[in-house]
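Enquirer: below is the sequence, then the predicted model.
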2 protein chains.
Amino acid sequence: MNLSNLSRRDFTRLSALGTLGVAAQLSDLTSLAAPTGQVQSGPVPSSKPVGYAIIGLGRIADHFMAGCQDTAKSPHPSKVTGLVSGHPEKAAAIAQKYGVPKSSIYTYENMDEMRNNPAIEAVYVALPNSMHAEYSVRSAKAGKHVLCEKPMATSVKDAQDMIDACKAANVKLMIAYRCHYETTNLAAVKLIRDGHLGQIQSIQSAFGFSCDPADWRMKKALAGGGPLMDVGIYSLNATRYLTNEEPSEIVAYSHSSLTDPRFKEVEENVVWMTKFPSGATATCNTTYGAQMDGYFRVYGSKGWLEVNPAFVYDGLRLKAEYTDDQGKFIQLDQPNPEKDPIHFTNEANHFSTCVRENRTPQSPGEEGLKDMTYLRQIYHSAGLNNL
Amino acid sequence: MNLSNLSRRDFTRLSALGTLGVAAQLSDLTSLAAPTGQVQSGPVPSSKPVGYAIIGLGRIADHFMAGCQDTAKSPHPSKVTGLVSGHPEKAAAIAQKYGVPKSSIYTYENMDEMRNNPAIEAVYVALPNSMHAEYSVRSAKAGKHVLCEKPMATSVKDAQDMIDACKAANVKLMIAYRCHYETTNLAAVKLIRDGHLGQIQSIQSAFGFSCDPADWRMKKALAGGGPLMDVGIYSLNATRYLTNEEPSEIVAYSHSSLTDPRFKEVEENVVWMTKFPSGATATCNTTYGAQMDGYFRVYGSKGWLEVNPAFVYDGLRLKAEYTDDQGKFIQLDQPNPEKDPIHFTNEANHFSTCVRENRTPQSPGEEGLKDMTYLRQIYHSAGLNNL
């Protein structure tokens, strides 16, 4: 596939490859372009949908549930078959929309009874960060596979407990790193893995926004930390999948306005710098005090690429300039035509494939745990005692 | 002046203000917009041109000499009246182009005789970095005002010696920080000083290129260091004039390819992070191993701005988004129509104004010395023993 001329069909195909999890091994993305027996061009026979209980009915859950609806023609579809909520009226309205029977609506108190409900095979944990561990562990103990939003937890210990509980219960655990299954991010990774940028020199990334004081994100007991936990994690994770390396050194600064009442519990700004074993470096910025569109730019010895925006639900755009092996100068500018909830559809497809085909997710609990340890290093380097 | 609607006339006026040095006090750029008695809208009477000897006839000297030619209608014009070179034929050709008499062409050996040449009042030092100190000091001792390219020197001690020599000789010393006199950079500073971005949260900047192995920049004895000295200094200096603060903390990483023979003497990559007293932070990247267009992006509590490109000789472009005091959302996209050698014209105008009106340049030796101390901190933090 010639990435200098990515068509809509190519996007669809890259997307399909990513969602099927066939070639989304970011460690070996060169196989992305190769045809495989599992890639189907037309509708394929569907297996019985994997039934999900949605735990926490906030905004991101809406996207995920819409994403599930678009999996009907996938080899392994995903279906909302249960709800866990503290708001009965909200749950009832959503149940009606997705055809969830009343008997499959649970509260936080009685959700362990899911173990007796065979229509629920997996859960999607979309609660505030500090609740991820408890509800993932309880779901595992109820025999359900766990797809948990990021950040995985609010302590390294909790993250390890989640892994252990899922292992003990013999259920799968996946952390919802959307970008691992997203076409434009995969195309950027492929450009790098194929060597088009040469040796990676450095990466710049940022992601932040001005946070509403009433948001649960401003409560440390719920969030565990500030923008680093919530959106900075996108930049951190991107530097890892772009380089395909683990940071060998991390250093960070943090600052919070003393006069802004929003930042009494969680930090306002974090900037950090990482060095990777190859010598590649990354500088990243995150904030709850300013609009900071999520993006990354990668500088290599033969060229550069930028994905901007990189982390939102749609409208992603890849730009790149490099000189190919024939000495030809290549300029790419590829807006991604895919629309929300495609990221969530991809994510659901990937996890349901793992469930049905007994595979390990591309972003398992161990991937979330790694980020947790780096987040902790960043916080500690910046003088904050989080995680 | 309404920056949301910068016209070509506004650019011309901002440019005139900058070049005259009238309001280019970056510490108080709010005065930029206010009319002053010294700003003339039409042609103004010119004083006798300030005569410059050009020391070192490389590429940047060509830009400066072209810039001087465009100062004819300035209140205090600048004129090339002498040349110092080790290449007689090259010097002869340039002398003919600029009407420099043969008697005003010097070698590096006999240039001290300039002291007897009243047509030369100032020098422009455009030699490799390690020669800046010697030739600035000799010029000062010959009674000439000194405009010296950046980086000021290859050691903090040399930089201090240059300041001392110019003080002792009662001549002016200016370091050629083009961007202090450049319209788009000034417009970015003004947007910040006027409060449109609110509290500055963080800055990202980069500048680098893939350096020719035959370039003098690759010789440590001539350059003093690698990309940090040559182009990284633009990002460093920008973070200072954008915040109007001095770094309180600096930390850096450096890496050089072990297999690339170019990086036996100078480093390949440097990334660094600074914290300022207000809490604002900056992350910067520089390299001789990749194309890295010079830019900066400033994130503030009320909005952001980006100048990209920011440091090249023309084609600069300012983008910004912010919410004004009336709650109106402002989007700026201002390409700067000015053409090279305008930056050098501005620079020459500023220094000649300082000479004729006995003013201190906006970027005096002390400004260069500050950057030298920060460059040294960056190098030392990265484990390199430069400067």
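Expert: Thanks, I have it.

Enquirer: and A:Glu121, what pLDDT?
Expert: We have a pLDDT of 98 for A:Glu121.

Enquirer: I'd say it and A:Gly51 touch.
Expert: Yes: between A:Glu121 and A:Gly51 a contact is recorded at 5.1 Å, counting by Cβ atoms under 8 Å. Quick note: C-beta positions are derived from backbone N, CA and C, even for glycine.

Enquirer: what sits against A:Pro341?
Expert: When contacts are counted by Cβ atoms under 8 Å, 6 or more residues apart in numbering or on different chains, A:Pro341 touches A:His63, A:Phe64, A:Ala66, A:Gly67, A:Asp70, A:Tyr313.

Enquirer: find the nearest non-adjacent residue to it, please.
Expert: Residue nearest to A:Pro341 in three dimensions, not counting chain neighbours: A:Gly67, with 3.8 Å by Cβ to Cβ, 6 or more residues apart in numbering or on different chains.

Enquirer: that neighbour and chain B, how far apart?
Expert: 30 Å (Cβ to the nearest Cβ, to the nearest Å).

Enquirer: A helix includes A:Thr154, no?
Expert: No: counting by DSSP: H, G, I helix; E, B strand; the rest coil, A:Thr154 falls outside a helix, being coil.

Enquirer: list the buried ones in the host helix or strand of A:Ala320?
Expert: Per DSSP states H and E: A:Ala320 is located in strand A:317-323. Within strand A:317-323, the residues scored as buried using 16 or more other Cβ atoms under 10 Å in any protein chain shown are A:Leu318, A:Lys319, A:Ala320, A:Glu321, A:Tyr322.

Enquirer: what strand or helix carries A:Ala206?
Expert: Element membership of A:Ala206, judged by DSSP H and E, is strand A:200-208.

Enquirer: show residues contacting the helix or strand just after that strand.
Expert: Downstream of strand A:200-208, the next assigned helix or strand under DSSP H and E is helix A:220-223. With Cβ under 8 Å, 6+ apart as the test, helix A:220-223 has contacts from A:Pro128, A:Asn129, A:Ser130, A:Met131, A:Thr154, A:Trp216, A:Arg217, A:Met229, A:Asp230, A:Glu265, A:Val266.

Enquirer: so which of these are also by chain B?
Expert: By Cβ under 8 Å from any Cβ of the partner chain, no member of the contacts of helix A:220-223 lies near chain B.

Enquirer: partners of the residue lying closest to A:Ala320 once chain neighbours are set aside in the sheet?
Expert: Computed as Cβ to Cβ, 6+ apart, the closest residue to A:Ala320 that is not its neighbour in sequence is A:Leu305, at 3.8 Å. Counting by DSSP bridges, A:Leu305 forms beta bridges with A:Val298, A:Ala320.

Enquirer: which residues touch A:Leu305?
Expert: Applying Cβ under 8 Å, 6+ apart, the residues contacting A:Leu305 are A:Ala188, A:Leu191, A:Ile192, A:Leu197, A:Arg297, A:Val298, A:Leu318, A:Lys319, A:Ala320, A:Glu321, A:Tyr322, A:Leu332.

Enquirer: residues in contact with the spatially most central residue of chain A?
Expert: Centroid check for chain A by Cα atoms, centre = their mean gives A:Tyr177 as the closest residue, at 1.5 Å. Contacts for A:Tyr177 (Cβ under 8 Å, 6+ apart) come out as A:Lys150, A:Asn237, A:Ser363, A:Glu367, A:Gly368.

Enquirer: which ones among these lie within helices?
Expert: A:Asn237, A:Glu367, A:Gly368 (DSSP state H).

Enquirer: which non-adjacent residue is nearest the second one?
Expert: Nearest in space to A:Glu367, with sequence neighbours left out and distances taken as Cβ to Cβ, 6+ apart, is A:Ile175 at 5.9 Å.

Enquirer: that neighbour pairs with what?
Expert: A:Cys148.

Enquirer: who's in contact with it?
Expert: A:Ile175 touches A:Cys148, A:Glu149, A:Lys150, A:Met152, A:Ser363, A:Pro364, A:Gly365, A:Glu367, A:Gly368, counting by Cβ under 8 Å, 6+ apart.

Enquirer: just put those residues in JSON lines and tack on pLDDT, distance to B:Tyr241 and neighbour count.
Expert: Listed next are the contacts of A:Ile175 as JSON lines, based on pLDDT from 0 to 100; distance: Cβ to Cβ, whole Å; neighbours: other Cβ atoms under 10 Å in any protein chain shown:
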{"residue": "A:Cys148", "pLDDT": "98", "distance to B:Tyr241": "46", "neighbour count": "27"}
{"residue": "A:Glu149", "pLDDT": "98", "distance to B:Tyr241": "42", "neighbour count": "23"}
{"residue": "A:Lys150", "pLDDT": "98", "distance to B:Tyr241": "38", "neighbour count": "21"}
{"residue": "A:Met152", "pLDDT": "98", "distance to B:Tyr241": "41", "neighbour count": "33"}
{"residue": "A:Ser363", "pLDDT": "98", "distance to B:Tyr241": "42", "neighbour count": "28"}
{"residue": "A:Pro364", "pLDDT": "98", "distance to B:Tyr241": "47", "neighbour count": "16"}
{"residue": "A:Gly365", "pLDDT": "98", "distance to B:Tyr241": "47", "neighbour count": "25"}
{"residue": "A:Glu367", "pLDDT": "98", "distance to B:Tyr241": "42", "neighbour count": "22"}
{"residue": "A:Gly368", "pLDDT": "98", "distance to B:Tyr241": "41", "neighbour count": "26"}
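
Enquirer: I'm done for today, thanks for sticking with me.
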